[in-house]
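1. Build me a model from this:
(one chain, ligands or ions: 1)
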Amino acid sequence: MRRSLAPSQLPFKEEGVIKRSPSSILVLISKSKDDDKPPPMKRMFEAPVKNVPVINSSTIDGESKKLLSDSADSGIGLARVSNDNVSDFTQSSETLYFSAVWGKQSNRKHKKWEGDGILVVSKMCVTLIDSDGKELGKLSNAKLKTFESGERFYLGSREVEILDPISQSDFLKGRCFERCQPSIFALKPPRPAQFQLPVISGNAQPIKSNILKPRHNPEDKGAIVLPRPDSKVQFNSSTRIVDVVIDPFLGRHLRKHQIDGVIFMYECFMGFRDGGSTGCILADSMGLGKTLQSITLIWTMLHQGPFEGKPIAKRVMIIAPSSLVHNWEKEFQRWLGRERLLPFVIDNKNKPTDYAKQFNRPVMIISYELFVRNAEIIEKIPFDLVVCDEAHRMKNLKVKKSESLARLDCGRRIFLTGTPIQNDLSEFFALADIVNPGILGRPSAFKRIFEDPINASRLPDASEDVREIGEMRAQELNEIISKFVLRRTQDMIKEFLPPKIENVVLCKASQDQAVIYEEITGCKGVRSIFIGCYSGCAHLYYISLLRNLCNHPSLCNVTGNNEEDERDVDFMKLR
Ligand SMILES: Nc1ncnc2c1ncn2[C@@H]1O[C@H](COP(=O)(O)OP(=O)(O)OP(=O)(O)O)[C@@H](O)[C@H]1O
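-> Coordinates of the predicted model:
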């Protein structure tokens, strides 16, 4: 989207001053018996009579005139008239796209446009879409009119001005829509050095050395050095850059994919990746060691930083399901030992207010339930990093934990989850929007630009066009999310796992199980499934009933949903 052409900056143009692009005029032609008559005042695709000139064959050169008349002969079609090369789109099925601005119809000279939009001009119709992907109006069977930069026309109750052509690929990928906004949390520059009183001679401090040493030697064998800020990152030129090296105490345990994961999280955390957002989702599948990767990053950030070597984080909060809170504590102990870092675990005795008062234990671990209950107090603690384990719990933006988290004044957020997309893309949107506010745009726009076209393209009866646009949008979405989402599968740790051994052990059914089994398999519903004439969809119901029976007969709860089956299976006999 061309922000320089924001509606507020585009007043209506005065009569006769519309600038015509010298290189390209696009003409939409519909052969009609009215074509030779002057257009009535408020017909679709006609310029407002007062201030917008209508392009017709008398306003263009000879060659173009020929093209127009040729095109007009063949009915509805598109023609591009160009000064240097003339190409005929009359028979073409090509769709063309333009950026545009739109507003209410009015004759006021200095009116502000209400919004940016996109015009989709196909052979048969012209559609105006707003910058959120919402269709604002459509015109089919358009009458003879022209398209070029600066051209204005009416579409329904709106007036539209064409800006520039958009490439087909930008439209198919959804790039022309307004969506990616940078995170609201900009990278904080290092704090300026504190003012120091001039000292009396003789008591002068030794001159600070210009060379700062990294905490661990980057030259050591096996040293893991994190990336330095590059030219994309803004910082004061006098700031000294120091290598950040992972503590070898942890580094020697890290597997290759874990090193990559720590580097990825570090780059996001520091805003070094494209887009500059500072949140990320580590979506490695189960067992890849997301906890160790997070602990490594936390430990590094608590002691080091690339700018003047100053640590980047002073306080870190880890939010986890209550069943995993002590697991986190144990993992800290396992990898760092209590003498290096003793996390502050919030429970009935230790409150967030106690954590806020002390400075020796920088890492606070809290369950989601206690986090929500203490949200108001926690909001006042200046955390530099928040890590959320099993973050798919935030798949709904309206639940309290999501709302409380979104309110935290800490832009450095790391979400850990093995299942970032559980059911649909709107759940993923919620995660992304909390971790990097605004990165996927507004929810309604995301739905229209990505979710709906992608879902539509996966339906079995999707047309070729629908499939193409869905695939392109999916590709584009992947590209956007790859900046802040990292996912690896268990292939990464295959080499570290012992071979899988499967043992099949057959167990004889008990007498009760055998009787119930006969009851179930002999009932009307199951019999009709077996002979293939069951019209309902109770297959899964019976499968889970039989699976429960294998575990224990008392799990066959017949007071379930399916009344018909309940009547059919006479479990009362068993009691
Ligand atoms: N480099 C390593 N060397 C040895 N053990 C490791 C290493 N990385 C992780 N582990 C161990 O593997 C186990 C699984 O790790 P972890 O719980 O972090 O996985 P995860 O990705 O968080 O899985 P989940 O999605 O189930 O939470 C843990 O017991 C952890 O201590």
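2. So, low pLDDT: which residues of the protein?
-> Counting by pLDDT under 70, the chain shows low-confidence ranges at 1-93, 109, 111, 141-146, 178-211, 232-236, 534-537, 557-575.
3. Spatially central residue in it, please.
-> By CA atoms, centre = their mean, the chain has its centre lying nearest to Leu440, at 4.4 Å.
4. Do a quick rundown of the strands in the stretch 451-575 of the chain.
-> Ranges of strands in the stretch 451-575 of the chain, per DSSP state E, counting those that start in this stretch, are 485-486.
5. Okay, and the residue nearest to the centre of the chain sits in which element?
-> Taking DSSP states H and E as the definition, Leu440 sits outside all helices and strands.
6. That one against Phe484, yeah?
-> No. Using CB atoms under 8 Å, Leu440 is not in contact with Phe484; the gap is 10.2 Å. (C-beta placed from N, C-alpha, C; glycine too.)
7. And the lengthiest helix in the chain, what's buried?
-> For the chain, the helix with the greatest residue count under DSSP state H is helix 464-481. Neighbour counts over helix 464-481 (16 or more other CB atoms under 10 Å) mark Ile469, Gly470, Glu471, Met472, Arg473, Ala474, Glu476, Leu477, Ile480, Ile481 as buried.
8. and the gap between the residue nearest to the centre of the chain and Cys125?
-> According to CB to CB, to the nearest Å, Leu440 and Cys125 sit 29 Å apart.
9. try Glu451
-> From Glu451 across to Cys125, the span is 24 Å (CB to CB).
10. Looking at these two, which one has more neighbours?
-> Between Glu451 and Cys125, counted using other CB atoms under 10 Å, the more crowded position is Glu451 (18 against 15).
11. Setting aside sequence neighbours, what's the nearest residue to that one?
-> Of all residues beyond its chain neighbours, the one nearest Glu451 is Leu425 (4.4 Å), with distances taken as CB to CB, 6 or more residues apart in numbering.
12. now Phe371
-> Per CB to CB, 6+ apart, closest to Phe371 is Ile319, 5.1 Å.
13. before we move on, back to that, which residues are in contact with each of Leu440 and Phe484?
-> Residues touching both Leu440 and Phe484 (CB atoms under 8 Å, 6 or more residues apart in numbering): Ala432.
14. picking up where we left off before, closest to the ligand among the buried residues of helix 464-481?
-> Closest to the ligand out of those is Ile481 (19.2 Å), distances taken as CB to the nearest ligand atom.
15. nearest spatial neighbour of that closest one, skipping sequence neighbours?
-> Distances taken as CB to CB, 6+ apart put Ala432 closest to Ile481, at 6.8 Å, once the chain neighbours are dropped.
16. just Gly156 next, same as before
-> Excluding the flanking residues, the one nearest Gly156 by CB to CB, 6+ apart is Gly137, at 4.2 Å.
17. now swap in Glu308 and tell me
-> In space, Glu308 is closest to Arg240, 5.5 Å off (CB to CB, 6+ apart).
18. mind listing what that neighbour touches?
-> Counting by CB under 8 Å, 6+ apart, Arg240 makes contact with Asn210, Leu212, Phe307, Glu308, Gly309.
19. Using neighbour counts, trim the residues you listed to the buried set.
-> Buried members of the contacts of Arg240, scored by 16+ other CB under 10 Å, are Phe307, Glu308, Gly309.
20. Return the distance of stretch 324-337 from the chain's centre.
-> 31 Å (CA atoms, centre = their mean, to the nearest Å).
21. Quick check: buried residues in that stretch?
-> Under 16+ other CB under 10 Å, the buried positions of stretch 324-337 are Leu324, Val325, Trp328, Glu329, Glu331, Phe332, Trp335, Leu336.
22. Touching, the fifth one and Gly289? I think so.
-> No. When contacts are counted by CB under 8 Å, Glu331 is not listed as touching Gly289 (9.6 Å).
23. For the stretch 451-575 of the chain, which residue gets nearest to the ligand?
-> Ranking the residues of the stretch 451-575 of the chain by distance to the ligand (CB to the nearest ligand atom) places Phe496 first, at 7.5 Å.
24. Just give me the neighbour total for that residue.
-> When counting by other CB under 10 Å, one arrives at 9 neighbours for Phe496.
25. and what of Asn548?
-> Neighbours of Asn548 under the rule other CB under 10 Å: 15.
26. Could you do Leu497 as well?
-> By other CB under 10 Å, 9 other residues sit near Leu497.
27. how about the nearest residue to Met492, chain neighbours excluded?
-> Closest residue in space to Met492, ignoring its immediate chain neighbours: His257 at 4.2 Å, by CB to CB, 6+ apart.
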